[in-house]
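**Student:** Task: produce atomic coordinates for the following.
(one chain, ligands or ions: 1)
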Amino acid sequence: MKKNSYEMYATKRKANQAYHWRTVRKTLNAVVGEMSVEVERKFLCSADILKTLEEIGVCVGQLQFRDQYFDTPKFDLTLRDVWLRKRKGRWELKCPATVNVTEGTGGEQSKAQAALCTRYKEITNLPEIQLRVKEVIKDICADRETNSSQEDESWLSKMNLVCFAEFTTVRRSFTLEEEGVQIDLDQADFGYHVGEIEVLVPEGGDVQSALEKIERTARKLGLTGDQRVEGKMTVYLKMNHPEHYAKLLSEHVL
Ligand code: V4E
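**Tutor:** Just a heads-up that it's a prediction; the model follows:
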């Protein structure tokens, strides 16, 4: 049923507020050093899905950003599924989230849907990032002092970290009336397009409910298919670092 203009205004206002608070929460997390778990399902966006998204969602913005990913020359971080990147001048670290005991309590159908989602801790506080990276590569880096200014990158060479991937993404973001769900449509400059449904959960929060929100959203968008869809980085590695990509596959990181 078509919405009247007041309902459309109210929906758009609610979605914009949700988007605003999500951004505020991420920034606050970075300042106080808290972590969120990002639960995410990627999808390939067909013309029909885009049409549905434009009908039921609210576009809350378009932005362009450049990602630089860092690792040691031997890929010690990514082989442990730890992803260090600089985006829009800020450092971010993604590492696997431990699975919550309440997860997977649904039926077989829900379990299959949950398997299409990834769950990663996102750390945005630089001293915390440096600590985590040191823990992962402790055998190969001498325990030297690091600093915590976003601009000073001398800690990278101290930890033997080099940039192994760099690309630009144009991202269109949507929200739905469903509380806390964001849908991003990404277009990477190496020719890959991918969508993602994302819910941010405070650490220790309810991952199961995030999975349910993603499942409901996927149904509303008419997503079909039971295969995990590749992310931008997976496709980038396949194209630019095929040997490392093969190793990540054989180690079951990707
Ligand atoms: C490769 C990878 C990570 C790096 C980030 O990759 P991706 O999710 O493609 O980036 P992006 O730009 O969508 O990040 P966002 O803006 O959502 O924060 S983090 C985890 N992995 C591994 C991985 C995996 N094993 N499976 C899938 C489907 N995606 C990523």
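**Student:** For the rest of this, base every contact and every neighbour count on C-alpha atoms.
**Tutor:** OK.
**Student:** Burial check on the residue in the chain that the ligand sits nearest to, number of neighbours?
**Tutor:** Proximity of the chain to the ligand (C-alpha to the nearest ligand atom) peaks at Gly231, 3.6 Å away. Neighbour count for Gly231, taken as other C-alpha atoms under 10 Å: 19.
**Student:** for it, what are its contacts?
**Tutor:** Applying C-alpha atoms under 8 Å, 6 or more residues apart in numbering, we find Gly231 in contact with Lys42, Val194.
**Student:** From Asn160, how far off is it?
**Tutor:** Going from Gly231 to Asn160 by C-alpha to C-alpha, to the nearest Å gives 26 Å.
**Student:** now swap in Ile129 and tell me
**Tutor:** Applying C-alpha to C-alpha, the value for Ile129 to Asn160 is 15 Å.
**Student:** One more: Thr118?
**Tutor:** From Thr118 over to Asn160 the distance is 28 Å, taken as C-alpha to C-alpha.
**Student:** so where does the nearest residue to Gln113 once chain neighbours are set aside fall, helix or strand?
**Tutor:** Nearest residue to Gln113, sequence neighbours excluded (C-alpha to C-alpha, 6 or more residues apart in numbering): Glu215, at 6.6 Å. According to DSSP states H and E, Glu215 maps onto helix 207-221.
**Student:** what about dumping the CA coordinates of that helix to PDB?
**Tutor:** Output in PDB follows, covering the C-alpha atoms of helix 207-221 (Å, rounded to 0.1, in the frame of the first residue of the first chain):
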ATOM      1  CA  VAL A 207      23.600 -11.100  17.900                       C
ATOM      2  CA  GLN A 208      20.700 -13.400  17.500                       C
ATOM      3  CA  SER A 209      18.300 -10.500  17.200                       C
ATOM      4  CA  ALA A 210      20.600  -8.900  14.700                       C
ATOM      5  CA  LEU A 211      20.600 -12.100  12.600                       C
ATOM      6  CA  GLU A 212      16.800 -12.100  12.700                       C
ATOM      7  CA  LYS A 213      16.600  -8.500  11.600                       C
ATOM      8  CA  ILE A 214      18.900  -9.300   8.700                       C
ATOM      9  CA  GLU A 215      16.800 -12.300   7.700                       C
ATOM     10  CA  ARG A 216      13.600 -10.200   7.800                       C
ATOM     11  CA  THR A 217      15.200  -7.500   5.700                       C
ATOM     12  CA  ALA A 218      16.500 -10.100   3.200                       C
ATOM     13  CA  ARG A 219      13.000 -11.400   2.800                       C
ATOM     14  CA  LYS A 220      11.600  -7.900   2.300                       C
ATOM     15  CA  LEU A 221      14.100  -7.200  -0.400                       C
END
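**Student:** if we can go back for a sec, hang on, the residue nearest to Gln113 packs against Ala115?
**Tutor:** No - the pair Glu215 / Ala115 is not scored as a contact, 10.9 Å apart, by C-alpha atoms under 8 Å.
**Student:** Between these two, which has more neighbouring residues?
**Tutor:** Glu215 (20 against 14).
**Student:** Nice, that's everything, thank you.
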